[in-house]
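*Asks:* Starting from these lines, generate the structure:
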Amino acid sequence: MTLVPALVILRGNSASGKSTVARRVQRGLPRGRVAVIGQDHVRRELLWEHDSGPGDTISLVEVMVRHCLARGRITVLEGIFRSARYQQMCERLIVGHDGPSLVYYLDVSLPETLRRHSLKPIADHVSDEQVASWYIPNDELALPSEIILDERHSEDELVARILSDLEGLVP
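*Replies:* Numbering: from 1, shown residues only. Model (predicted):
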């Protein structure tokens, strides 16, 4: 029997720790077995698109996730993925995946988001006002399997939680 790799969806507002946690989870698992697909990389770097109107981000992300899962890679999808725009994509990925799916929402308050943003290299280029304008509180997908992790969890705790949840699911 071949085990199907896990799909991990890691969502949250800007500066909630998604990218850092995703990379640390990747490094906590066997090299070459994990793919991390970042919304920012696909949307801003590969496609150079805005996150509004028609675009190719959603379809490209779906193709990339399906490809990585079909190749047997644990696939960590991380990004803001606002529910209003990405709910259906997340649902299609979960329903269309024969293996386990883990969905996490990093729930970080606006004051903490702004504090974390101030520590990022882009803080000189992206104002607090811009970050605040993007912020959507409690933007959960409302999926029964979605796990809400708030700002009281340290980065180490978030990584340990996801790795623990993946334990036994890793082919």
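*Asks:* surely residue 148 meets residue 140?
*Replies:* Yes: counting by Cβ atoms under 8 Å, residue 140 is a contact partner of residue 148 at 6.4 Å. No exception for glycine: its C-beta is placed from N, CA and C like everyone else's.
*Asks:* what touches both of these two?
*Replies:* 105, 107 (Cβ atoms under 8 Å, 6 or more residues apart in numbering).
*Asks:* what residues are up against residue 115?
*Replies:* Residue 115 sits in contact with no residue, where contact means Cβ under 8 Å, 6+ apart.
*Asks:* Could you pull up phi and psi at it?
*Replies:* phi -60, psi -50 (degrees, to the nearest 10).
*Asks:* if I look at the residue nearest the centre of the chain, how far off is residue 157?
*Replies:* Among the residues of the chain, the one closest to the centroid is residue 78, at 1.9 Å (Cα atoms, centre = their mean). Noted for residue 78: a distance of 17 Å to residue 157, by Cβ to Cβ, to the nearest Å.
*Asks:* Next: residue 68.
*Replies:* 26 Å.
*Asks:* who has more neighbours, the two?
*Replies:* Comparing residue 68 with residue 157 by other Cβ atoms under 10 Å, the one with more neighbours is residue 68, at 20 against 12.
*Asks:* Mind giving me the packing neighbours of the strand or helix carrying the more buried one?
*Replies:* In the assignment (DSSP states H and E), residue 68 maps to helix 57-70. Counting contacts by 3 or more Cβ pairs under 8 Å, 6 or more residues apart in numbering; DSSP states H and E, helix 57-70 packs against strand 34-38, strand 74-79, helix 83-95.
*Asks:* would you turn the ones you listed into CSV with distance to residue 122 and mean pLDDT?
*Replies:* Converted to CSV, the helices and strands packed on helix 57-70 look like this (distance: least, Cβ to Cβ, whole Å; pLDDT from 0 to 100):
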stretch, distance to residue 122, mean pLDDT
strand 34-38, 14, 97
strand 74-79, 16, 97
helix 83-95, 22, 95
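*Asks:* Comparing the ones you listed, which comes out most buried?
*Replies:* strand 74-79 (a mean of 26; mean count of other Cβ atoms under 10 Å).
*Asks:* Fine, thanks again, bye for now.
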